[in-house]
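Chemist: task: produce atomic coordinates for the following.
(2 chains)
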Amino acid sequence: MVTIRLQNSLTRRKEVFEPLDPGNVRMYVCGPTVYDRAHLGNARPVVVFDVLYRLLRHVYGEGAVTYVRNFTDVDDKINTRAREMQVAGDSRDLNAIIRTLTDETIGWYHADMDALGALRPAHEPRATEYIGQMIAMIAALIEKGCAYAAEGHVLFDVRAYPDYGRLSGRSVDDMIAGARVEVAPYKRDPMDFVLWKPSSDDEPGWNSPWGRGRPGWHIECSAMAQDLLGPAFDIHGGGLDLQFPHHENEIAQSCCAHPDAGFARVWMHNEMVQVEGKKMSKSLGNFFTVRNLLDQGWPGEVIRFVMLQTHYRKPMDWTESRARTAEKTLKRWISEYVHSPFGQGVADSVSVVSGFLDALADDLNTPKALTILREFEKERLRGVNISADDVAVFVRTLRLLGLDGVRQNAASLPRDVKRHFEELNLTRRIADMIDAARSERNFAKSDRIRDAAITAGFEVKIEKAGASVFSTREADYEKLKRLEREAP
RNA sequence: GGCGGGUUGGCGGAGAGGUUACGCAGCGGAUUGCAAAUCCGUGUAGACCGGUUCGAUUCCGGUACCCGCCUCCA
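Modeler: Numbers count the residues shown, from 1 in each chain, chains lettered A, B, ... in the order given. Just a heads-up that it's a prediction; the model follows:
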């Protein structure tokens, strides 16, 4: 069996991965707060942990991995957004607006992440469906003396957990020394954080032993992970910016609630997505959404490929030149191999490219894994006598990486099918026009048509067997239609 | 200020204490009616200063610069 090694943020070392139960490998990844379209930064952990999920399924078996990713659908940012909608004229009450907003955002998220080729996790719990479990956990923490109620709030007492700060490598005292935190008067210690807080009458709220209120941000992950994966599980992942305070607080809550369980054994953090050297984030406003890129015509697989070209623990830049390079390679891989006769119906039992799994198993070294694919292509697939087996191996490997060009979900297709076929027929007719001119050796005419098609944003290939016209991101079908009518 | 990460050729980006990474772009050639695509060939590295070593881009120390977290964030 392949030995998987993963960098564990908790120990700051690369460790051999040994699941608690090889028959049920369990992974929890922090999902989005649902009030807006997912930006590219939100998408990175989705792709990174999707690759890990696929690797684990490959190694331990498809049914032997449980993947949980939550939706945070109770949060002050959501409330704020809903209030903005009220101000803008939405006459419904806040809770109704919030429900619509979160439902709609979850739908967008699914469509966008499907387009990136990410498999859906086994469970995608919404925080609001786990309020009872959160209240129970908070009550247990109070009972154990790790939390206290004050002025309608419940706070976690960081001094009750001696290891607080271990994950992020900081001490409570150091943090207070450099304090930038606003200290609420009811806090015993400046670093204490909220488990429960009171809600105003129009805000979302639930009855609790501490009055009507809502949970703090961190408790949901502790409660949902425990409910769906148990008090101890294998992997907990998320963006590096969640390491502190979110994950630190999760650990404190869960480990105090279940002192002997240990919570997550391996903590993994992906680096940030950057734009011009700065973190892409909603608070900085320098973000663009996955939907923006899809609408610009970048296929989801290209976005995925660009992400895989950077190791997950390094900052990643989205640039058009990287996307173009990725598109070029991917186009060739999919058209030459996946869509070739040898690439059809390749079984999962086919082996993967030699060395590929080792690269992935080495802390998800996806850049190296892609290089191994390129080298395999160069050595085995560029010759005259290509073997069907080699193509099958290649296609099987692409599928494992989620790059086989087969979308998970028809809803993510960029165009409706009818239009797609109309366009396909149009490009075929243009190719026929070029062939007709060439067969008369009227090269001036065939060149004019070709150049006009290229100007309209299409790719034209003229081979002995005939001409082909391909669509590109810049393709303008209206111009092509005009070209057909007014053939120069 | 505290803690953590990074700096590789025009760009992207790996591994390894000593042998070509790889890709894109560029350049030369083949092929083509001309292009595109494809194929063959090819140059440019390891922030800076020290140390260890027969030998360091790779290990150690320092300097500079960049980035992240410390406040909501993937």
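
Chemist: got any ranges where chain A has weak pLDDT?
Modeler: When residues are selected by pLDDT under 70, those of chain A lie in A:177-182, A:383-384, A:406-418, A:420, A:488.

Chemist: tell me which residue of it lies closest to RNA strand B.
Modeler: For chain A, the residue closest to RNA strand B is residue A:239, as judged by C-beta to the nearest atom of the strand, at 2.0 Å. Where you see a C-beta, it was placed from the backbone N, CA and C, and this is true even at glycine.

Chemist: so residue A:258 makes contact with residue A:226?
Modeler: Yes - here residue A:258 reaches residue A:226: they are 7.4 Å apart, a contact under C-beta atoms under 8 Å.

Chemist: neighbour-wise, which of those two wins?
Modeler: Neighbours were counted for residue A:258 and for residue A:226 using other C-beta atoms under 10 Å; residue A:226 has more, 23 against 17.

Chemist: so that one versus residue A:251, what's the distance?
Modeler: In this structure, residue A:226 and residue A:251 are 13 Å apart, going by C-beta to C-beta, to the nearest Å.

Chemist: same check, this time on residue A:242
Modeler: As judged by C-beta to C-beta, residue A:242 and residue A:251 stand 12 Å apart.

Chemist: and these two? Which one has more around it.
Modeler: Neighbours of residue A:242 and residue A:251, each counted by other C-beta under 10 Å, are more numerous for residue A:251; the result is 25 against 21.

Chemist: report the contact partners of the more buried one.
Modeler: Residues counted as contacts of residue A:251 (C-beta atoms under 8 Å, 6 or more residues apart in numbering) are A:163, A:166, A:167, A:263, A:264.

Chemist: kindly recompute the last result at 7 Å.
Modeler: By C-beta atoms under 7 Å, 6 or more residues apart in numbering, the contact list for residue A:251 reads A:167, A:263.

Chemist: also residue A:278?
Modeler: Listed by C-beta under 7 Å, 6+ apart, the contact partners of residue A:278 are A:284, A:286.

Chemist: could you give the bridge partners of it?
Modeler: residue A:275 (DSSP bridges).

Chemist: with residue A:155 instead?
Modeler: When bridges are assigned using DSSP bridges, the partners listed for residue A:155 are residue A:148, residue A:194.

Chemist: and it, how many neighbours?
Modeler: 24.

Chemist: right, and it touches residue A:197 too?
Modeler: No - using C-beta atoms under 7 Å, residue A:155 is not in contact with residue A:197, being 9.4 Å away.

Chemist: and the contacts of stretch A:56-70?
Modeler: Contacts with stretch A:56-70, where a contact means C-beta under 7 Å, 6+ apart, come from A:1-2, A:4, A:22-31, A:53, A:121-125, A:127, A:220-221, A:224-225, A:228-229, A:400.

Chemist: residue contacts, the residue of chain A closest to RNA strand B?
Modeler: For residue A:239, the set of contacting residues under the criterion of C-beta under 7 Å, 6+ apart consists of A:45, A:269, A:270, A:272.

Chemist: cross the residues you listed against strands and list the overlap.
Modeler: The subset of those located in strands under the criterion DSSP state E comprises A:269, A:270.

Chemist: what about the contacts of residue A:239, which one has the most neighbours?
Modeler: Result: residue A:270 is most packed of the contacts of residue A:239 (other C-beta under 10 Å), 28 neighbours.

Chemist: what's near enough to touch that one?
Modeler: Per C-beta under 7 Å, 6+ apart, neighbours of residue A:270: A:44, A:45, A:48, A:239, A:240, A:312, A:313.

Chemist: what about 10 Å?
Modeler: Taking C-beta atoms under 10 Å, 6 or more residues apart in numbering as the criterion, residue A:270 is in contact with A:29, A:41, A:44-49, A:237-242, A:307, A:310-316, A:364.

Chemist: list buried residues within these.
Modeler: Neighbour-count burial (16 or more other C-beta atoms under 10 Å) is assigned, among the contacts of residue A:270, to A:29, A:41, A:44-49, A:237-240, A:242, A:307, A:310-312, A:315-316, A:364.

Chemist: give me the buried positions along stretch A:367-374.
Modeler: Within stretch A:367-374, the residues that qualify as buried by neighbour count (16+ other C-beta under 10 Å) are A:368, A:369, A:370, A:372, A:373.

Chemist: next one: stretch A:63-79
Modeler: For stretch A:63-79, the buried set under the neighbour-count rule, 16+ other C-beta under 10 Å, comprises A:65-75, A:78-79.

Chemist: now do stretch A:476-485
Modeler: For stretch A:476-485, the neighbour count (16+ other C-beta under 10 Å) marks A:477, A:480, A:481, A:483 as buried.

Chemist: quick check: the second one touching residue A:429?
Modeler: Meaning residue A:480. Yes - contact between residue A:480 and residue A:429 holds when scored by C-beta atoms under 10 Å: they sit 9.3 Å apart.

Chemist: re the thing from before, dump the contacts of residue A:239 to CSV, plus distance to RNA strand B.
Modeler: Written out in CSV, the entries for the contacts of residue A:239 read as follows (distance: C-beta to the nearest atom of the strand, whole Å):
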residue, distance to RNA strand B
A:45, 4
A:269, 8
A:270, 6
A:272, 4
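
Chemist: was I right to think residue A:15 contacts residue A:234?
Modeler: No - distance between residue A:15 and residue A:234: 11.7 Å, which falls outside the contact criterion (C-beta under 10 Å).

Chemist: so the two - more neighbours on which side?
Modeler: Under the neighbour definition other C-beta under 10 Å, residue A:15 and residue A:234 were set side by side, and residue A:234 has more, 22 against 15.

Chemist: now that one: which helix or strand?
Modeler: Counting by DSSP states H and E, the element that carries residue A:234 is strand A:232-239.

Chemist: and that strand, how far out from the chain middle?
Modeler: Centroid separation between strand A:232-239 and its chain, computed with C-alpha atoms, centre = their mean, to the nearest Å, is 15 Å.

Chemist: what strands line up against that strand, and which way round?
Modeler: For strand A:232-239, the pairing partners within the sheet under DSSP bridges are strand A:25-29 (parallel), strand A:263-270 (parallel).

Chemist: next one: the first one to chain centre, how far?
Modeler: The reference is to strand A:25-29. Strand A:25-29 has its average C-alpha position 15 Å from the chain's average C-alpha position, going by C-alpha atoms, centre = their mean.
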